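Asks: Requesting a structural model of the entry that follows:
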Amino acid sequence: MRKKDKVVEVIDDDFKLPEWIKKITQQEIEDEIIRILLEEGKIKEGEYSREDLFSVPS
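Replies: Just a heads-up that it's a prediction; the model follows:
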C-alpha cells in the first residue's frame, strides 16, 4: 500500500491538454455526465436535479 507522502514519478511533464478540453464549459461537462448516467441506467430522467448531482454538501 502506498503512503500519501511518497514522491510521484512524472512520466511526461510536457503533457498539454487538448484545446477542446480547455474550451469545454462546466455546463457541458455536467450535461455529458448526466447523459452517461441516464444511458447506463444509473439514474432516471427527472430523478435528480442538476443541483442534487453537482453541489457539494457543506
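Asks: List the residues that contact residue 40.
Replies: Applying CB atoms under 8 Å, 6 or more residues apart in numbering to residue 40 gives no contacts. (C-beta placed from N, C-alpha, C; glycine too.)
Asks: any weak-confidence spans in the chain?
Replies: The model of the chain has pLDDT under 70 over residues 1-6.
Asks: residue ranges for the helices of it, please.
Replies: Taking DSSP state H as the test, the helices found in the chain are 19-23, 26-39, 50-54.
Asks: what's the offset of the first one from the middle of its chain?
Replies: Right, the one you point to is helix 19-23. 14 Å (CA atoms, centre = their mean, to the nearest Å).
Asks: ditto for the last one
Replies: Centroid displacement of helix 50-54 relative to its chain, using CA atoms, centre = their mean, is 13 Å.
Asks: For it, give me every contacting residue.
Replies: Here helix 50-54 makes contact (CB under 8 Å, 6+ apart) with 30, 33, 34, 43.
Asks: how about the last one, phi and psi?
Replies: Meaning residue 43. Residue 43 adopts backbone torsions of phi -140, psi 160, taken as degrees, to the nearest 10.
Asks: any idea how far residue 28 is from residue 35?
Replies: 10 Å (CB to CB, to the nearest Å).
Asks: what's the answer for residue 19, then?
Replies: Residue 19 is 22 Å from residue 35, where distance means CB to CB.
Asks: Residue 43: neighbour count?
Replies: 15 (other CB atoms under 10 Å).
Asks: buried stuff in stretch 34-47?
Replies: By neighbour count on 16 or more other CB atoms under 10 Å, the buried set for stretch 34-47 is residue 34.
Asks: Could you number the chain from 41 rather than 1 from now on?
Replies: Taking 41 as the first residue, the last one we looked at is stretch 74-87.
Asks: How far away from the center of its chain is that stretch?
Replies: On CA atoms, centre = their mean, the centre of stretch 74-87 falls 15 Å from the chain's centre.
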